[in-house]
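>>> Quick one: sequence plus predicted model below, questions after.
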Amino acid sequence: MSKVRVVVAGPRGRMGNEAVNLVKNTENYELVAVLDHRHGGKLLNDIEGFHGFSSVPVFSNIEDCFQNVQADVLIDLTIPEVGMHHTRTALQYGVRPVVGTTGFTNDDLQELENTCNEKELGCIIAPNFALGAVLMMKFSQMAGKYFRDVEIIELHHDQKLDAPSGTAVKTAEMISEVRESKVQGHPAEKETMAGARGANFDGMHIHSVRLPGLIAHQQVMFGSEGQMLTIRHDSFNRASFMSGVKLAVDTVMKIDTFVYGLENIME
Ligand SMILES: NC(=O)C1=CN([C@@H]2O[C@H](COP(=O)(O)OP(=O)(O)OC[C@H]3O[C@@H](n4cnc5c(N)ncnc54)[C@H](O)[C@@H]3O)[C@@H](O)[C@H]2O)C=CC1
Ligand SMILES: O=C(O)C1=N[C@H](C(=O)O)C[C@H](O)C1
């Protein structure tokens, strides 16, 4: 069986670094290139912290990359604007994107879905690759059918750029598919300090906590008369995301559609 040829975008990042090691340590994967805006023209081996990658070229321009290297899958773990450009370009070159980068807009997602349909090419966008987090979202969706009052509290490290997290947005979207709409709290509720009630998604509130020491955590709280249900997931390291990245890479090779959320491919 031929190997899956993978390009990783963002190799020096916290997630990109884990993804490079995942590809390196997976027998039927081959790391054919990386995309890094600072080190184009080098070999990955020449970048501090990477050893044993003497045959892996670094590109700063994705077009150059796909014109020079044959790839099957792009794993993108960068920032939203760059991730969107990478994903669009990968699809144009027939390379299947697996995207963990968060912060894409609904318009971005719609555009990518349209392109995938047009090209009949697989693409997986997953706001969270941790299988436990995906279950946390699914369990929250189940609960949302019975509890209309929901507060989502996501907690992350203080280097995170986007708020609320992609996971919190996806959780709210999934709950709102089954929850009867409700504006929560007192009808006359007034914030005496802006932001006190967090972001508002269909009447549900989302609160973003940022602290050094945290990695990625979320709890979804459901309240009702005389009872409360809390569903919580914690990622204590970035390795927690890698089994989901592998599932996505393996799956994207077999599909020709657009998938938003790992829950759609977990059996
Ligand atoms: N789906 C999931 O399970 C997870 C998703 N994430 C998301 O993945 C993304 C990366 O997260 P981290 O690795 O923690 O961030 P990080 O800050 O450690 O890494 C960001 C990467 O983007 C690259 N980058 C930054 N600006 C760039 C530019 N202008 N052009 C090209 N590359 C650029 C950096 O070189 C770096 O490699 C974020 O969007 C984050 O929300 C993070 C953890 C899990
Ligand atoms: O930036 C992070 O760290 C994470 N980002 C993703 C998100 O925005 O949901 C996934 C996970 O929570 C870690």
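Yep, that arrived. The model shown is predicted, which means the values in this text are computed figures rather than measured ones. Ligands and ions are numbered 1, 2, ... in the order given.
>>> Can you read off the backbone torsions of the closest residue to ligand 1 within the stretch 1-150 of the chain?
Ligand 1 sits closest to Gly13 of the stretch 1-150 of the chain, with a gap of 2.3 Å, by Cβ to the nearest ligand atom. Any C-beta I mention is one placed from the backbone N, CA and C, and that applies to glycine too. Dihedral angles of Gly13 (phi, psi; degrees, to the nearest 10) stand at phi -80, psi 170.
>>> ok, and the closest non-adjacent residue to it?
Using Cβ to Cβ, 6 or more residues apart in numbering and skipping residues adjacent in sequence, the residue nearest Gly13 is Leu77, 5.7 Å away.
>>> got the contact list for the one you found?
Residues in contact with Leu77 (Cβ atoms under 8 Å, 6 or more residues apart in numbering) are Val8, Ala9, Gly10, Gly13, Met15, Gly16, Ala19, Gly83, Gly100, Thr101.
>>> what do you get for Ala248?
Contacts of Ala248 (Cβ under 8 Å, 6+ apart): Val98, Ile124, Ala126, Phe129, Leu262, Ile265.
>>> Distance from the host helix or strand of it to the middle of the chain?
Per DSSP states H and E, Ala248 falls inside helix 242-252. Offset of helix 242-252 from its chain centre (Cα atoms, centre = their mean, to the nearest Å): 12 Å.
>>> same question, stretch 200-214
17 Å.
>>> buried stuff in that stretch?
By neighbour count on 16 or more other Cβ atoms under 10 Å, the buried set for stretch 200-214 is Phe201, Gly203, Met204, His205, Ile206, His207, Ser208, Leu214.
>>> which residues does the third one contact?
Applying Cβ under 8 Å, 6+ apart, one finds that Met204 lies in contact with Val150, Glu151, Ile152, Ala172, Ile175, Ser176, Arg179, Gln184.
>>> what's the pLDDT at the fourth one?
Reading off the confidence values, Ala172 has pLDDT 98.
>>> That one contacts Ile206, correct?
Yes: contact criterion Cβ atoms under 8 Å: Ala172 and Ile206 qualify, at 6.2 Å.
>>> so does stretch 106-123 get close to ligand 1?
No: using Cβ under 6 Å from any ligand atom, we find that stretch 106-123 stays clear of ligand 1, coming within 12.8 Å at best.
>>> Common neighbours of Ala172 and Ile206, please.
Ile152.
>>> and the stretch 151-267 of the chain, which of its residues are near ligand 1?
Going by Cβ under 6 Å from any ligand atom, the residues of the stretch 151-267 of the chain near ligand 1 are Asp162, Gly166, Phe241.
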